[in-house]
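J.: Here you go, sequence then predicted model.
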Amino acid sequence: MNCEEIRRILVEYHVGELDKERRDECKSHLENCPGCLNALLAYQSIIAEAERIPRIHPSPAESMSLSHELDRITKKPPVPIRVERNRTTERLAFLLASIMVFTLMSVCLRLESLSLTNVLAAVGSIRLSVIALAAVAFIFVTSFLPVVVISRRKPINGMALRR
Amino acid sequence: MGNLRSDEELITACACGDRSAMDVLVSRYHSRLLDFAFRHLSNREAAADAAQTALIKAFTCAGSYRRKAPFRVWIYRITLNLIRDEIRKRQYANRYQADAPETEPIESRTPEDEVLSRMNGNTLWEYIETLADGPRTAIILKFREQFTYEEIAEVTGSPVGTIKSWVHHGLETLRKRIGPEMCEEQI
């Protein structure tokens, strides 16, 4: 490698980020090139001096100001994260409930076959009306109860603070 | 107990409104972000405002932190964006602040230290301030904040190759500007 290529990797050589092959090549070059060696020494001095520049610290007033701001944002009621309703679960629950209700109705009515004639013949039955009401209630509970439970559950990723 | 937790654990706790977690992160980063902002804006008030805004923003948006990058990369990226916004709004008024602290004395001296010891840390900082935005930010993050090249790339939004080029260019520029004093010592 020539001097320009060596100088491009001097920082990585200084911090030990070169692989063995490039490190050895760089070291060999530096042993024979005073110009690149001086460049490395200069980089090392600049880096060391930059690291030693004292860090600026916040004043008591600045710390107090930040603390007051944190107090202000943490005292606001958190905005709960909106949980999306699971439409697929709702539809599956409704379908399952419908199948169960229909099966239950069939058993109760003791229909020999599921023909329309047999169903219409039982329309006037009081027992059918009671069963129909129970079926509607059952469908409502089994379809929408999971949604109510999900909505009341704590958001997975916690509260989101909002300004 | 809070000091034993990682930054990522603390910011997750902040998302749930844990004030003690916020205090721990403030103790870890307020000074560093203030210093980082000051090195770009050269104005104490603007730097303090940028550091405070960055921390407030991080805590209010803690729920959006996805752990794809270390927390420090995330908060420094927020801070750098605020700095860039401020720079766009105004020009630098002063290159050197009267309230900047003095350099601590250097204990062990090499020939290069002899040269640089004649220039205190603030003078070296004057040279660093004259660098372009990219090289200056890269040098600050690499050598004062100890970021890796990949982390600097995440913070600045530039490729790793560009970051390495900025660091090299920045050091070479500083070497040439400070160089005459160093050359005299080496003869």
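T.: Looks like it arrived, so ask away. Numbers count the residues shown, from 1 in each chain, chains lettered A, B, ... in the order given.
J.: Is B:Ser158 in a helix, a strand, or coil?
T.: coil (DSSP: H, G, I helix; E, B strand; the rest coil).
J.: By mean pLDDT, flag the weakest helix or strand of the chain.
T.: Picked chain A for this. helix A:116-121 (a mean of 60; mean pLDDT, DSSP states H and E).
J.: meant chain B actually
T.: helix B:111-117 (a mean of 44).
J.: Packing partners of the following helix or strand past that one?
T.: Next along the chain after helix B:111-117, taking DSSP states H and E as the criterion, comes helix B:121-129. The contact analysis (3 or more C-beta pairs under 8 Å, 6 or more residues apart in numbering or on different chains; DSSP states H and E) places helix B:121-129 against helix A:34-52, helix B:19-41, helix B:133-139, helix B:160-186. C-beta here means a position set from N, CA and C on the backbone, and glycine is covered the same way.
J.: So which of these is nearest A:Leu66?
T.: helix B:19-41 (6.4 Å; C-beta to C-beta).
J.: What count of nearby residues applies to the residue of chain A found nearest chain B?
T.: Across chain A, the shortest distance to chain B (C-beta to the nearest C-beta) belongs to A:Ser45, at 3.5 Å. As a burial measure, A:Ser45 scores 23 neighbours (other C-beta atoms under 10 Å in any protein chain shown).
J.: before we move on, what about A:Gly35?
T.: 11.
J.: Kindly report the same for B:Arg44.
T.: 18.
J.: I'd like to know how far it sits from B:Ile140.
T.: Here the criterion is C-beta to C-beta, to the nearest Å. By it, B:Arg44 lies 17 Å from B:Ile140.
J.: Next: A:Met100.
T.: Taken as C-beta to C-beta, the span from A:Met100 to B:Ile140 is 68 Å.
J.: higher neighbour count, the two?
T.: B:Ile140 (21 against 14).
J.: The more buried one and B:Arg39 touch, don't they?
T.: Yes: at 5.3 Å, B:Ile140 and B:Arg39 qualify as touching, with contact defined as C-beta atoms under 8 Å.
J.: joint contacts of these two?
T.: Common contacts of B:Ile140 and B:Arg39 (C-beta atoms under 8 Å, 6 or more residues apart in numbering or on different chains): B:Ile128.
J.: Could you double-check that B:Val167 sits in contact with A:Leu10?
T.: No: with contacts counted by C-beta under 8 Å, B:Val167 stays clear of A:Leu10, the gap being 10.2 Å.
J.: Read off the pLDDT value for residue 54.
T.: This is for chain A. A:Pro54 is assigned a predicted lDDT (pLDDT) of 85.
J.: try chain B instead
T.: The model's pLDDT for B:Ala54 equals 95.
J.: What residues does it make contact with?
T.: B:Ala54 touches B:Leu33, B:Ala37, B:Ile75, B:Ile78, B:Thr79, B:Leu82, counting by C-beta under 8 Å, 6+ apart.
J.: Same question for A:Leu96.
T.: A:Leu96 sits next to A:Thr142 when contact means C-beta under 8 Å, 6+ apart.
J.: Next, work out how far apart it and A:Ile131 are.
T.: 18 Å.
J.: got it, and B:Ile11?
T.: 57 Å.
J.: out of those two, which sits in the more crowded spot?
T.: Of the pair B:Ile11 and A:Ile131, B:Ile11 is the one with more neighbours under other C-beta under 10 Å, namely 24 against 17.
J.: how far off helix B:19-41 does the strand or helix carrying that one point, in degrees?
T.: Here B:Ile11 sits within helix B:7-15, counting by DSSP H and E. Following axes from the mean of the first three to the mean of the last three C-alpha atoms, to 10 degrees, one obtains 110 degrees for the angle between helix B:7-15 and helix B:19-41.
J.: Phi, psi for A:Thr89 please.
T.: In terms of degrees, to the nearest 10, the main-chain angles of A:Thr89 are phi -60, psi -40.
J.: swap in A:Ile56?
T.: Dihedral angles (degrees, to the nearest 10) for A:Ile56: phi -80, psi 130.
J.: what's near enough to touch residue 32?
T.: As the question left the chain open, I've gone with chain A. By C-beta under 8 Å, 6+ apart, A:Asn32 has no neighbours at all.
J.: think we crossed wires, I meant chain B
T.: B:Arg32 sits in contact with A:Arg55, B:Glu145, where contact means C-beta under 8 Å, 6+ apart.
J.: Where does pLDDT dip in chain A?
T.: Low-confidence segments of chain A, defined by pLDDT under 70: A:76-86, A:106-129, A:143-163.
J.: go again using 90 as the cut-off
T.: Residue ranges of chain A with pLDDT under 90: A:1-9, A:11-12, A:14-19, A:49-57, A:69-163.
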